Each structure stands twice: as structure tokens, then as C-alpha cells.
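>>> Sequence first, predicted coordinates after that:
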Amino acid sequence: MPDSAVLDPTERAAPVSLLPAAAAEAAGTAGPRRRARVSRAALAKAFRQSAGVAALFAMWELAPRIGLVDSVFLPPLSEVLKAGGALLGNGQLVEHLQASLLRAGAGFVLAVLAGVPLGLAIAWFPRVADSANPVLELFRNTAPLALLPVFVLVLGIGETSKITLLFYSGIFPVVLNTIAGARSADPLLVKAARSLGFGHMQTFVKVVLPGAVPAVFTGVRQAAASCVLVLVAAEMIGARAGLGYLITAAQSSFAIPDMYVGILTIALVGLTLNAVLVALERRASRWREQG
């Protein structure tokens, strides 16, 4: 019998047993390398995104100081930040921010709670669509600010008219995007659900509604942006607190740095709200990535 036939079994198995270990070692080293590449790419992307903002702020600081613009009407960014620190220290900025968040939050939440079910009903039930479409087409082309005098005359100058205006500005993006998302359901999936014995409502809940989630969140984000934009105008009439009131009062009293503090605060509110909604959308759509 050849010598190779009487080798110790452990000696013959050794090369084979090394393969999983080598594969595991390679996988173990590939994971950190991949994570490192992803981290470097994320850092590079964050740097590119922040470079434009940093350049804008640098121009804002330098332009008034070197005489490109009048520092009376556009003070340097450092002076605006100093004024913001003063307003934050005496509590005025917090008071105005709380008032604006309550108004915008109330109008936004009401728009989402009413707009999503209405959009789904219009998209899925033809009779509801026949009744709602004419009214929807009539009012969606009417600018919210054009109706501000109407809301003030009918509802007064209190909180009701302001929240109603914000609700009106936010509901149409939610409704329209929800309709588009529900109607874009894959017909093959709908037919497959019907062939499996799903009823009308089961098909809607199991197939149409999950597929409409991205479009619904798009409408929600547009509604949030619309509410923040209209908020300033809503707080210019009859308000005694709020970021819109802060901007108007500072402009009328020629406290220009305070005016820019209000503008920057509104911008930060919009950015923060959009980031929160994007995170919620990713969480709600995680099943797509898993699938």
C-alpha cells in the first residue's frame, strides 16, 4: 500500500480544516475594512455638504466688514449670533420658539391626521373620489396666504385662525402625495393578493398601504415645509409671541440682528423637522431594504 494511504487522518484533514478558518479570517478582516470605507465616504460626504454652508457663513461675516454690503442692514454673522445669545439668555427666544412650535405643530399634526385617510379614501374608493375631487381641485390651487384675510374675518385674530391657516397649507401636499402613492400600487401584486383570496380591504391593508408609505412621507415632509413657511405670515397678524412676530417686531423697531436671529431660528426648525421626518421614513420603510 502506498505511503500516502497510511497517513494519519489528522494530517490529511489539516488542509481541509484550514479553509473555514481562512474564510472566517478573511471575512473578519473584510468587515472592518468595509466599515472603514463606509465611514470615510460618509465623512467625505458630510464635509462636502457642510463646505457650502461654511462658505456662506464666511461670506456673511466678511461682506459687511469689508464694505460689500451695508452692515446696518446685514450685520456680520458674529453680531447676529451675539444677539441670539442675548435673546436666549433673557428667555425671549425660547418663548417665541415655543409659541411657534405649538402653532405649527398643531396645524401640521391636524393636516397629517386628516390628509392621509382622506388621500387613501380618494385613491381606493371611486365614490369618494367622485365627490372629493372637484372640491380638492378648487382649493388646492388657492394660495394659503390669499385666504389669510378670510380666516381672520371669520375666525378672528386669535390662535384658531392661525392654526387653521397652517392646517390648510399642509393638508394638500399630504392628500395629493397619498393619492399618488396609493394609486401607484403594482397591479401584479394586487392581482396576486386577489388570487390568494384577499378581500378588498385586505388587499388595501396588505398591499396598497405599505407601498404608499414613501409617497405619504414625501407629502408629510412637504406639509412640514409649507407650515413653516406660512407660519411667519400667520404670526404677523394679531400675535404677541412667535418667531414671525419676533421678525416683524424687530424689523419695525430696527433691531436688525434680532430679526436675523428669528430668520435663522426658523431655518433651523425647518431643517430639524425635515431630518426627523427623514429618519422616521427610513424606519417605516426598513422592510423594503430587508426584502
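Nice, thanks for sending it over.

>>> so where's the stretch 1-150 of the chain shaky on pLDDT?
Scanning the stretch 1-150 of the chain for pLDDT under 70 picks out 1-38, 42.

>>> buried set for the helix or strand hosting M201?
Secondary structure from DSSP states H and E places M201 in helix 200-203. Using 16 or more other Cβ atoms under 10 Å as the test for burial, helix 200-203 gives T203. To be clear about C-beta, it is placed using only N, CA and C from the backbone, and glycine gets the same treatment.

>>> Make 46 the starting number, not 1.
All right, first residue 46 from here; so that's helix 245-248.

>>> Output that helix as PDB, restricted to C-alpha atoms.
Backbone C-alpha positions of helix 245-248 (Å, rounded to 0.1, in the frame of the first residue of the first chain) are rendered in PDB as follows:
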ATOM      1  CA  HIS A 245     -61.000  44.400  -0.900                       C
ATOM      2  CA  MET A 246     -59.900  45.700   2.500                       C
ATOM      3  CA  GLN A 247     -57.200  43.000   3.000                       C
ATOM      4  CA  THR A 248     -55.700  43.900  -0.400                       C
END
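
>>> after that helix, next one along is what?
helix 254-256.

>>> same for that following helix, what does it pack against?
Where contact means 3 or more Cβ pairs under 8 Å, 6 or more residues apart in numbering; DSSP states H and E, helix 254-256 is packed against helix 204-228.

>>> Show me what counts as buried in the helix it packs on.
For helix 204-228, burial by neighbour count (16+ other Cβ under 10 Å) applies to 204, 206-227.

>>> ditto for stretch 157-166
Buried-residue list, stretch 157-166, by 16+ other Cβ under 10 Å: V157, G160, V161, L163, G164, L165, A166.

>>> wait, which of those is closest to K90?
Set against K90, the nearest of those by Cβ to Cβ is V157 (30.1 Å).

>>> Phi, psi for A128 please.
Main-chain dihedrals, A128, degrees, to the nearest 10: phi -60, psi -40.

>>> Enumerate every residue touching it.
Applying Cβ atoms under 8 Å, 6 or more residues apart in numbering, we find A128 in contact with A300, P302, D303, Y305, V306.

>>> what about the fourth one, which helix or strand?
With the criterion set as DSSP H and E, the secondary-structure element containing Y305 is helix 301-329.

>>> Could you list the buried residues of that helix?
Those buried within helix 301-329 under the rule 16+ other Cβ under 10 Å are 301-307, 310-311, 314-315, 318, 322, 326.

>>> Any figure for the gap between S297 and L119?
18 Å (Cβ to Cβ, to the nearest Å).

>>> who has more neighbours, those two?
Between S297 and L119, L119 has the larger neighbour count (other Cβ atoms under 10 Å), namely 15 against 9.

>>> Contacts only, for the more buried one.
Going by Cβ under 8 Å, 6+ apart, L119 touches W105, A108, P109, I301.

>>> tell me the two of those residues that are most distant?
Within those, two members stand farthest from each other by Cβ to Cβ: A108 and I301, at 14.5 Å.

>>> how about the buried residues of stretch 157-166 in JSON lines, adding distance to V250 and secondary structure?
Listed next are the buried residues of stretch 157-166 as JSON lines, based on distance: Cβ to Cβ, whole Å; DSSP: H, G, I helix; E, B strand; the rest coil:
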{"residue": "V157", "distance to V250": "19", "secondary structure": "helix"}
{"residue": "G160", "distance to V250": "19", "secondary structure": "helix"}
{"residue": "V161", "distance to V250": "14", "secondary structure": "helix"}
{"residue": "L163", "distance to V250": "17", "secondary structure": "helix"}
{"residue": "G164", "distance to V250": "15", "secondary structure": "helix"}
{"residue": "L165", "distance to V250": "10", "secondary structure": "helix"}
{"residue": "A166", "distance to V250": "13", "secondary structure": "helix"}
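
>>> For G307, see how far away the nearest residue to G152 once chain neighbours are set aside is.
Once flanking residues are discounted, G152 sits nearest to L211: 2.6 Å by Cβ to Cβ, 6 or more residues apart in numbering. Here L211 is placed at a distance of 17 Å from G307 (Cβ to Cβ).
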